[in-house]
Structure formats: C-alpha cells, structure tokens
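turn this into a structure:
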Amino acid sequence: MKKTYYIFLFFSFIFCQFLSAQPELFRNNFNEYKDFSLSKQQVKELQKEGELIIFNRDKHTTRFAKKLFSKKVGRSVKEKTRTGKEEYEVIARKKILHYRINYIFFDGDENSYQSIEKSRQRMLNLLEKDYNFESIARQYSMDQNRYKGGDSGWFKIESVNEDFKNAITNTMRYADEVFRVDLPEQNWYYLVKKSYSPQKIEEILVIKHKK
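You can find the predicted model right below:
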C-alpha cells in the first residue's frame, strides 16, 4: 500500500499529459545495403532491375518470409498476386549485429528538465527497491512503446542518433544497468535499461523483379 501511494504521489505531475509518439529515435538515415558489402553503384544497378527489400529473420515471420529464408542466394520465390506472378530473388545473405534495450522516454517539449530529472531520480530510487523497470515504463513512458514495457525490439546501431548510440554501446555498462541518456538538441530524455546483449540476426536482401 505504501509503495503504491509513493508511485502515485510523485508521478502525477507529469503523466497527465498527452502521450508523445517518438518514432524518430530509430529512424536515423543510413545505408542499410552497406551491410551486404554493396557499393552505391551496385545498388543503383540492382534497383534498375526491381525493388530491393531487406528481410529480417526476427521481424519477418510470415510463411512467405520463411520461404525466402529457405532459399540459397540466387534462388527465387514466385508469389501469386491479382495481377499475376511476382518473382522475389535472394541476392545476398548476412548475419548482422543488432541491439535491444528497454527505455522510458521523457518529452522535454512537455516538461522542464528539472521536472524530468526529479522524476528520473525517483524512478531510480524505486528500482533500487526492486520495482520492475518494464512495469514503470508501461505506466509512465511518454512513448507509444510504453505498452511493450519500453522494449525497443532489435535494431541496428546505425539507426539511432550518434549520442544515443555512444551511450548504449559503452562497454563499461553492465547487464541490466539503468542509466540516463540526454539528447538536449531534440529535447528527448531517457532512462535506459541494458536488457539484452547484442545479437547477430540473419538478414537477406531480396529483389522484387519488375514484370
């Protein structure tokens, strides 16, 4: 009862705001085709033949995706559509390093830094008392991924802001450590939990041939 009251008391000031969507965090522009050792010129030539699509074994689990992953490089899968058959050819395959974290997002456009920092410190105090990070994220993160306990899912490190990248790849961090990350230029502030070790996930580069 005492713990429940404690949570309610200090978080009420900030989380009555509208939930902020923050999809930009994992949308840093980078050349994904570089992972497959393709030059820009090679990519341009392939794009003349059709649309390039990257499939990730963790994210893409449909029957069609599984068919593609079962094929060797150079082999194709033909898919029936309303306009006829479409051919998807596997042109490259590689295991690529991915990262995964849990995080709580604070929107600096909605709250002052002082308020955010006060809230983060109190959250850290609760975590020291064995509160669950994911439960706190579900209730209080100002991000749509709050519903997943702040789980980022697997992502490539190049997809995030450089400062965020440096913070989460710091080799001094230990497993399950919770730490602050500040991106003041964007007015984005975080508590991040190092929930997972980096993992290599298989990806395939597929070309959907033009008809």
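
biggest helix in this protein, by residue count?
Among the segments of the chain that qualify as a helix by DSSP state H, the longest is helix 113-128.

and whatever helix or strand comes next after that helix with helix 113-128, angle?
On the C-terminal side of helix 113-128, the nearest following helix or strand under DSSP states H and E is helix 133-140. Helix 133-140 and helix 113-128 are oriented at 140 degrees to each other (axes from the mean of the first three to the mean of the last three C-alpha atoms, to 10 degrees).

list the contacts for residue 138?
Neighbouring residues of residue 138 by C-beta atoms under 8 Å, 6 or more residues apart in numbering: 146, 147, 149, 150. Using the backbone N, CA and C atoms, a C-beta is placed for each residue, glycine as well.

hmm, back to that, now the longest helix of the chain: average pLDDT?
Averaging the model's pLDDT scores along helix 113-128 yields 96.

alpha carbons of that helix, as CSV, please.
In CSV, the C-alpha atoms belonging to helix 113-128 read as follows (Å, rounded to 0.1, in the frame of the first residue of the first chain):
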residue,chain,number,x,y,z
TYR,A,113,14.4,19.5,-17.5
GLN,A,114,14.2,20.0,-13.7
SER,A,115,10.9,18.1,-13.5
ILE,A,116,12.2,15.3,-15.7
GLU,A,117,15.3,14.9,-13.7
LYS,A,118,13.4,14.8,-10.5
SER,A,119,11.1,12.1,-11.9
ARG,A,120,14.1,10.1,-13.2
GLN,A,121,15.8,10.2,-9.8
ARG,A,122,12.7,9.0,-8.1
MET,A,123,12.3,6.2,-10.6
LEU,A,124,15.9,5.1,-9.9
ASN,A,125,15.1,5.1,-6.2
LEU,A,126,12.1,2.8,-6.9
LEU,A,127,14.2,0.5,-9.0
GLU,A,128,16.7,0.1,-6.1
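
give the other helices and strands that that helix contacts.
helix 2-11, strand 102-107, helix 133-140, strand 178-183, strand 188-193 (3 or more C-beta pairs under 8 Å, 6 or more residues apart in numbering; DSSP states H and E).

need these in JSON lines with distance to residue 124 and mean pLDDT, can you?
Converted to JSON lines, the helices and strands packed on helix 113-128 look like this (distance: least, C-beta to C-beta, whole Å; pLDDT from 0 to 100):
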{"stretch": "helix 2-11", "distance to residue 124": "12", "mean pLDDT": "47"}
{"stretch": "strand 102-107", "distance to residue 124": "11", "mean pLDDT": "96"}
{"stretch": "helix 133-140", "distance to residue 124": "10", "mean pLDDT": "95"}
{"stretch": "strand 178-183", "distance to residue 124": "7", "mean pLDDT": "96"}
{"stretch": "strand 188-193", "distance to residue 124": "7", "mean pLDDT": "96"}
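
any chance of these in TSV, with distance to residue 96 too?
As requested, the helices and strands packed on helix 113-128 are arranged in TSV below (distance: least, C-beta to C-beta, whole Å):
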stretch	distance to residue 96
helix 2-11	38
strand 102-107	21
helix 133-140	26
strand 178-183	23
strand 188-193	22
